[in-house]
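Enquirer: Have a look; sequence and predicted model below, questions after that.
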Amino acid sequence: MLALTLSSLKSKKCIAILMMVFVILAGLNTQLAWSSNGLPRIDSETVAAIARQHPVVVLFRHAERCDRSGNECLADKTGITVNGAHNARERGKMFSAKIKDYDLYSSNAVRTIQSATWFSADKKLTVDKNMQECGHSIYRSIEALQAKSKNKNVVIFTHNHCLSYIAKDKLGVKFEPDYLDALVMHSENGKLVLDGELVSR
């Protein structure tokens, strides 16, 4: 009887320890799943999973600006740096490893056109000047590109103030994107939903 009681106590102790470990791990996972700015963190595999349910829209900030850097310019001074071009190419390779099928768009600024071109050299790039206008009208512009792409995934190279506006408007968070940072969205029931910030693992 005593042995049974001791065994029962040991079992309860083990269960308590296991539960504590689970809570700690759950807390770590939750912390890892959210950026410090309050946006959910989404890697390329998660984007691919979302894309199997709904076509996604991924909005990138352009690569490093030449006119705000001491690094070598790729070409035009209003464009991006050589370093920015290489970073865009690497970002594109990582993204395309999981999401191969998408249409590519950019605003009409030299820096977004160059960034998009280096991101995906094998894709046809469509330039849309509306992607520089970053108030509430940006949603209409995105929806117009979605309609043009006919239910395909869409990648758009735009500007930091556009990404900041969307993050604040959709989730109420302050987002100050660095070069080549990105937001992931999808349409559901006719509305654009912000899923989170695309991150590299």
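Expert: Arrived safely.
Enquirer: okay, CA-based contacts and neighbour counts for the rest of this
Expert: OK.
Enquirer: mean confidence score for stretch 166-178?
Expert: Throughout stretch 166-178, pLDDT has a mean value of 96.
Enquirer: Quick check: buried residues in it?
Expert: When burial is assessed from 16 or more other C-alpha atoms under 10 Å, stretch 166-178 yields the following buried residues: 166, 167, 174, 175, 177.
Enquirer: wait, what's in contact with the last one?
Expert: Okay, so that is residue 177. 61, 160, 163, 164 (C-alpha atoms under 8 Å, 6 or more residues apart in numbering).
Enquirer: Repeat that for the second one.
Expert: Contacts of residue 167 were listed using C-alpha under 8 Å, 6+ apart, and they are 39, 173, 174, 175, 194.
Enquirer: Repeat that for the third one.
Expert: Listed by C-alpha under 8 Å, 6+ apart, the contact partners of residue 174 are 37, 38, 164, 167, 168.
Enquirer: Including secondary structure and distance to residue 104, could those residues go into a markdown table?
Expert: As requested, the contacts of residue 174 are arranged in a markdown table below (DSSP: H, G, I helix; E, B strand; the rest coil; distance: C-alpha to C-alpha, whole Å):
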| residue | secondary structure | distance to residue 104 |
| --- | --- | --- |
| 37 | coil | 27 |
| 38 | coil | 28 |
| 164 | helix | 21 |
| 167 | helix | 21 |
| 168 | helix | 25 |
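Enquirer: Most widely separated two among those?
Expert: 38 and 164 (12.5 Å; C-alpha to C-alpha).
Enquirer: coming back round to it: with respect to residue 44, which of the buried residues of stretch 166-178 is nearest?
Expert: residue 177 (17.8 Å).
Enquirer: what about the helices in this protein?
Expert: In the chain, the helices defined using DSSP state H lie at 2-32, 44-51, 82-98, 110-119, 138-149, 160-171.
Enquirer: one step back: quick check: the farthest pair among the contacts of residue 167?
Expert: Farthest apart among these by C-alpha to C-alpha are 174 and 194. That separation is 13.8 Å.
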